[in-house]
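**Q** Sequence and predicted structure, then a few things I'm wondering about:
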Amino acid sequence: MNGSQITTAPDRRDGATPAPGAPVLEVVGLRKRFGDLTALDGIDLTVNEGEVVAILGPSGSGKSTLVRCLDQLEGIDGGAMYLDGELLGFEQGRTLRPLTDAGVRAQRRRMSMVFQQFNLFPHWTVLRNVTEAPIAVHGIAPAQAKAKALDLLAKVGLSDKATAYPRQLSGGQQQRVAIARAVAVEPRVLLFDEPTSALDPELIDEVLQTMQALAATGRTMVVVTHEMEFAREVADRCIFMAEGRVIEDRPAEAFFRDPQTDRLRSFLARSM
Ligand code: ADP
Ligand code: MG
């Protein structure tokens, strides 16, 4: 992370519990370069408590880079990101000193990311995949973590797979385990990067339904997706990105019914 180029505001925490509907994530003027390539060119985005925000856009528009920056898997070149008002990546307070690795890990524990490639640990059972982080990272008692994992596995329709290994599951089942794992740590926000793109078409719906059920429980979710029906039906807001910028950011219904730019209009015409 290149601290010298960061232009950012100080910590905004006031010690109060976030109100319902308060911003969980705030992105202000976020910039990210890969060498000469500007992948994110000043992104502004707010995600409120309980909101489901879909991020749409052509390949290469910066969608993955955005969620990877949010999860601090990539350093940033400018702007700022806040989680519950806390500046990400920097020590809290007046000086902008980059966080230590331990500090970054502590912030990252408050979000979960679900990837296109489920990234389950192949040599662990489904149950251990779901309980490992709560026990080893969050210090939850094993019996409690196990009870919660079994409950989550039931919610994603995989009660009978707790003792199976990932290779014994279909791609859709593996992704549902990955979702249960992401939820098990009670993150403030769930990030998804094209969670159904690696799946055979007949397995996509079961994963989308799992995500829809999750959204209905009031989880705060940011979902990069090409699934237009999902975005229209499940998202509260849709963001359209192109060339590292947010082109449109609107309630889902208006986004699809009445696009404001030719760019989004032609994207929707091509995608639906
Ligand atoms: P999307 O997810 O919308 O398809 P990405 O965020 O993956 O787009 O990529 C945005 C741009 O950044 C693309 O031009 C891509 O080639 C480039 N890019 C992404 N990751 C890297 C990387 N690690 N190194 C160099 N360029 C990258
Ligand atoms: Mg991508």
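**A** Thanks, I have it. Bear in mind that the values here come from a model prediction, so they are computed numbers and not experimental data. Residues are numbered from 1 along each chain as shown. Ligands and ions are numbered 1, 2, ... in the order given.
**Q** CA atoms for contacts and neighbours, from now on please.
**A** Will do.
**Q** what does the chain put close to ligand 1?
**A** Within the chain, the positions near ligand 1 by Cα under 6 Å from any ligand atom are 34, 39, 59-65.
**Q** confidence score at the residue in the stretch 151-272 of the chain positioned nearest to ligand 1?
**A** Across the stretch 151-272 of the chain, no residue is closer to ligand 1 than Gly244, which sits at 7.0 Å (Cα to the nearest ligand atom). pLDDT, Gly244: 98.
**Q** residues contacting it?
**A** 38-43, 61-63 (Cα atoms under 8 Å, 6 or more residues apart in numbering).
**Q** Go again with 6 Å.
**A** Gly244 makes contact with 39-41, 61-62 under the criterion Cα atoms under 6 Å, 6 or more residues apart in numbering.
**Q** go on, Asp249?
**A** Remark: with contacts taken as Cα under 6 Å, 6+ apart, Asp249 is in contact with 238-239.
**Q** one more time with 7 Å, if that's ok
**A** 237-240 (Cα atoms under 7 Å, 6 or more residues apart in numbering).
**Q** The chain: helices as residue ranges?
**A** 63-70, 101-108, 126-136, 142-155, 171-184, 201-216, 228-234, 252-257, 262-271 (DSSP state H).
**Q** Out of these, which is the most enclosed?
**A** Of all the helices of the chain, helix 171-184 has the most neighbours on average by mean count of other Cα atoms under 10 Å, namely a mean of 24.
**Q** hmm, who's touching it?
**A** So helix 171-184 is contacted by 112-114, 118, 120, 126, 129-130, 134, 149, 152-153, 156, 166, 199, 203-204, 206-207 (Cα under 7 Å, 6+ apart).
**Q** Over to stretch 195-207?
**A** So stretch 195-207 is contacted by 114-117, 171-172, 175-176 (Cα under 7 Å, 6+ apart).
**Q** same thing with stretch 112-125?
**A** Here stretch 112-125 makes contact (Cα under 7 Å, 6+ apart) with 129, 162-167, 174-175, 178-179, 182, 187, 189-198.
**Q** Thr210 contacts Val156, doesn't it?
**A** Yes - look at Thr210 against Val156 with Cα atoms under 7 Å: they come within range, at 6.0 Å.
**Q** now the contacts of stretch 112-125: which count as buried?
**A** Burial of the contacts of stretch 112-125 was assessed by neighbour count (16 or more other Cα atoms under 10 Å); the buried members are 129, 162, 165-166, 174-175, 178-179, 182, 187, 189-196, 198.
**Q** check contacts around Phe255.
**A** Taking Cα under 7 Å, 6+ apart, we find Phe255 in contact with Cys238.
**Q** What's the separation between it and Ala231?
**A** The spacing between Phe255 and Ala231, counted by Cα to Cα, to the nearest Å, is 10 Å.
**Q** Looking at the spatially closest residue to Ala242 that is not a sequence neighbour now. What's its pLDDT?
**A** Excluding the flanking residues, the one nearest Ala242 by Cα to Cα, 6 or more residues apart in numbering is Ser61, at 4.6 Å. The per-residue pLDDT reported for Ser61 equals 98.
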